[in-house]
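Novice: Dropping a prediction and its sequence here:
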Amino acid sequence: MASTTAAEDVAGLWLLTLQRAVGRASHDVKDALNGVSVNLEVIRSRSARAEVPASAVAKFGDAAAQQLDRLTTLLDAVLALARADRSPADVAVTLRRVVTMCAASSSSADAQVSFVGEAETGVALTRVPVDVLRLALMAPLLDVVTGVDRALQLSPVTCTMDVDHEWVRVVIPAGGRQGAMPEALADVLRGAGVRWTEGENLSLAFPRA
C-alpha cells in the first residue's frame, strides 16, 4: 500500500471535519430557506389584495430579511472554509468562520458558541498552513458543542483570542467537560508548530507569521 504524504493526511482529515460541520449546519440552512420562502409567500399573497396596507406585511419582510442575513452569514463561512485560502492564514478570520459553522446546529442540546477577541485583519497571521489551522480550531470545537453526554447542561462556549509578539493564542472553553485535542490530529498539528494545553479549557498557540 502506498504511503500518504503529510499534505494528504491533512487534506483527508480536514475533509472529514468539514463534512461533519456541514452535516450539522444543514438544518440551519434548510430552516432559514424555509423561513424566507414562507414570509415571502405571505407578502405575495397579502400584497395582491388592494385593501391591504403595506404596513400589514412589513413585519413579514423584516422576518425574511433576518432569515436571509442568517443564511448569508452561514453560507459565507461554509464557502470560505471549503475553498483554498491564501497564506499566511489569519487566525481571527478563520476562527470567526469556524465559530459561525459550529454555532449552526440541528440540536437544542448543543452548546451555543461565539467568539470575542481581536479580529482586525492582518494582526493575527500565522505561518501554520491554512488547513492545519482550520483543523486545529474546528475539530476540538465540534467535539465540545456536540458532546455525547446530553444529560450535561452545557454552558455557552465563548472562544477568545489574544496576540503577542510570538504567538496567536486561542482559548476554547470545554463546556463543563475536559477540553482535549482529538488524538488523530496530534502529530499533524505538532509537525506544523501548533502547541496546546488541555484541561477545563483547551488553549492553542499558533506561531505568528
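Specialist: Nice, I can see it.

Novice: what mean pLDDT does the longest helix anywhere in the chain have?
Specialist: With secondary structure taken from DSSP state H, the chain has its longest helix at helix 6-47. For helix 6-47, mean pLDDT rounds to 88.

Novice: Show me what secondary structure element comes after that helix.
Specialist: helix 55-82 (DSSP states H and E).

Novice: Show me which residues of that following helix are buried.
Specialist: 57, 60, 63-64, 67-68, 70-71, 74, 77-78, 80-81 (16 or more other CB atoms under 10 Å). All C-beta spots, glycine's among them, are computed from the backbone N, C-alpha and C.

Novice: name the helices or strands packed onto that helix?
Specialist: When contacts are defined as 3 or more CB pairs under 8 Å, 6 or more residues apart in numbering; DSSP states H and E, helix 55-82 sits against helix 6-47, helix 91-103.

Novice: circling back to that earlier point, if you compare the directions of the longest helix of the chain and helix 55-82, what angle comes out?
Specialist: 170 degrees (axes from the mean of the first three to the mean of the last three CA atoms, to 10 degrees).

Novice: Run the angle between helix 6-47 and helix 91-103 for me.
Specialist: Relative orientation of helix 6-47 versus helix 91-103 (the same axes, to 10 degrees): 60 degrees.

Novice: From the contact counts, what lies against helix 6-47?
Specialist: helix 55-82, helix 91-103, helix 130-145, helix 186-191.

Novice: quick one: the shortest one to chain centroid distance?
Specialist: This points to helix 186-191. Relative to its chain's centre, helix 186-191 lies at 21 Å (CA atoms, centre = their mean, to the nearest Å).

Novice: rounded to a whole number, what's the mean pLDDT of that helix?
Specialist: On average, helix 186-191 scores 92.

Novice: and what of stretch 127-136?
Specialist: 96.

Novice: before we move on, back to that, out of the buried residues of helix 55-82, which one sits closest to G122?
Specialist: A80 (16.5 Å; CB to CB).

Novice: what's the distance between the residue nearest to the closest one when sequence neighbours are not counted and A104?
Specialist: Distances taken as CB to CB, 6 or more residues apart in numbering put R97 closest to A80, at 5.3 Å, once the chain neighbours are dropped. Distance of R97 to A104, given as CB to CB, to the nearest Å: 12 Å.

Novice: do the same with V91
Specialist: In terms of CB to CB, V91 sits 21 Å off from A104.

Novice: neighbour-wise, which of those two wins?
Specialist: Counted by other CB atoms under 10 Å, V91 and A104 do not tie: V91 has more neighbours, with 29 against 24.

Novice: Now for that one: which residues touch it?
Specialist: Shown in contact with V91 (CB atoms under 8 Å, 6 or more residues apart in numbering): A124, L125, T126, L133, L137, M161, V168, V170, F206.
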